[in-house]
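In: 3D, please:
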Amino acid sequence: MKAKELRQKSKDELEKLLSDLQDKIRRLRFDIQLKHFKNVRLLRKTKKDIARILTILNLEK
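Out: Okay, the predicted model is just below:
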């Protein structure tokens, strides 16, 4: 997700998206360990999205 798109969302929407992405990371790590999932790049992309959201939330304070 692009930072420009994230800046247009409200704080509540960003917090909801953040919790969803954190859950997604937990599931991805579990699936990768069990060899059910091969796309490791999706984990990296999700981490970067979380970092973008946290950055935007910290700038709004």
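
In: next one: the helix or strand where residue 44 lies to chain centre, how far?
Out: Assigned by DSSP states H and E, residue 44 belongs to helix 41-59. Mean-position distance between helix 41-59 and its chain equals 5 Å (C-alpha atoms, centre = their mean, to the nearest Å).

In: for stretch 5-16, same thing?
Out: Taking mean C-alpha positions (C-alpha atoms, centre = their mean), stretch 5-16 and its chain are 12 Å apart.

In: which other residues reach that stretch?
Out: 17, 52, 53, 56, 57, 60 (C-beta atoms under 8 Å, 6 or more residues apart in numbering). (C-beta placed from N, C-alpha, C; glycine too.)

In: dump the residue contacts of the closest residue to the third one other than its chain neighbours.
Out: Right, the one you point to is residue 53. Spatial nearest neighbour of residue 53, chain neighbours left out: residue 18 (4.9 Å); criterion: C-beta to C-beta, 6 or more residues apart in numbering. Applying C-beta under 8 Å, 6+ apart to residue 18 gives the contacts 50, 53, 54, 57.
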